[in-house]
Structure formats: structure tokens, C-alpha cells
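Trainee: just need the structure, nothing else, for what follows:
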Amino acid sequence: MVVGLLSVELFIPEARSLKDKRAVLRSLKDRLKKFNVAVAEVEDQDLWQRAGLGIAAVATTGAQVDRMLASVVDEIERLEPGRITHTAVEHLT
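Mentor: Numbering: from 1, shown residues only. Purely as a prediction, here's the structure:
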């Protein structure tokens, strides 16, 4: 069993309040459910235009985890183009 952790930093320029930011993140989290991953806002909760997401995936091999997390990054980029400022992947075994 391999657990993959994807850290994603987002910039949300149109957010003028935490409520605006939460609406964007809620929509994004709902759309990522189809990938069977866990998603949580883990950083920058008090900033309006920045968000740090932690996304976890579990699979039997590291290659499967990498494919799952790459698909998640692709989907975020498709839904919110140009918003990703940084990504990092860790494997926990």
C-alpha cells in the first residue's frame, strides 16, 4: 500500500472575501470527488486570495498513486486555469 500526498497552492484573484474563496474551493472539492481522493484546505485559511490544499490518494503501487495525483492536477488546471502556483508530491509507505 502506498499513500500519496499532493500539496497544491492556488491563487484566486477574484476572491474579495473568505466567502468568495470558500465558494471556489467548495466547487473544486466537489468536482475532485470523482477521483476517489481526500481533499482538505490545509494552509492559508485566513487569506482571501490564496489557498493551500492537501490531497491524499491510496493505491497498491507508487505508479498508480502518481497517475491518480497527476489526473487531479490536470483536473484542477482544467477547472481553474492558471491558478496553480505550486505543487509537490510525497509518497508515504
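Trainee: going forward, measure contacts between C-alpha atoms and count neighbours the same way
Mentor: Fine.
Trainee: are we agreed that residue 56 is in a strand?
Mentor: Yes - according to DSSP: H, G, I helix; E, B strand; the rest coil, residue 56 belongs to a strand.
Trainee: give me the contact list for the helix or strand hosting residue 29.
Mentor: For residue 29, the host element (DSSP states H and E) is helix 18-32. The contact list for helix 18-32, computed with C-alpha atoms under 8 Å, 6 or more residues apart in numbering, reads 12, 14, 15, 39, 46, 47, 48, 49, 72, 75, 76, 79.
Trainee: in strands only, show me those residues.
Mentor: Among the contacts of helix 18-32, the members found in strands (DSSP state E) are residue 39.
Trainee: buried members of the contacts of helix 18-32 into PyMOL, please.
Mentor: A single PyMOL command selects the buried members of the contacts of helix 18-32 (16 or more other C-alpha atoms under 10 Å):
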select buried, resi 12+15+39+48+49+72+75+76
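Trainee: now the contacts of helix 18-32 as a markdown table including pLDDT and distance to residue 59?
Mentor: Below are these laid out as a markdown table (pLDDT from 0 to 100; distance: C-alpha to C-alpha, whole Å):
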| residue | pLDDT | distance to residue 59 |
| --- | --- | --- |
| 12 | 91 | 31 |
| 14 | 88 | 36 |
| 15 | 87 | 35 |
| 39 | 96 | 16 |
| 46 | 87 | 33 |
| 47 | 88 | 33 |
| 48 | 88 | 34 |
| 49 | 91 | 33 |
| 72 | 95 | 15 |
| 75 | 93 | 19 |
| 76 | 93 | 21 |
| 79 | 87 | 25 |
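Trainee: related to what we said a few turns ago, buried sites along the helix holding residue 29?
Mentor: Buried, per 16+ other C-alpha under 10 Å, within helix 18-32: 21, 22, 25, 28, 29, 32.
Trainee: one step back: next, format the contacts of helix 18-32 as a markdown table and append distance to residue 62.
Mentor: Below are those laid out as a markdown table (distance: C-alpha to C-alpha, whole Å):
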| residue | distance to residue 62 |
| --- | --- |
| 12 | 31 |
| 14 | 36 |
| 15 | 36 |
| 39 | 19 |
| 46 | 34 |
| 47 | 33 |
| 48 | 34 |
| 49 | 33 |
| 72 | 15 |
| 75 | 20 |
| 76 | 21 |
| 79 | 26 |
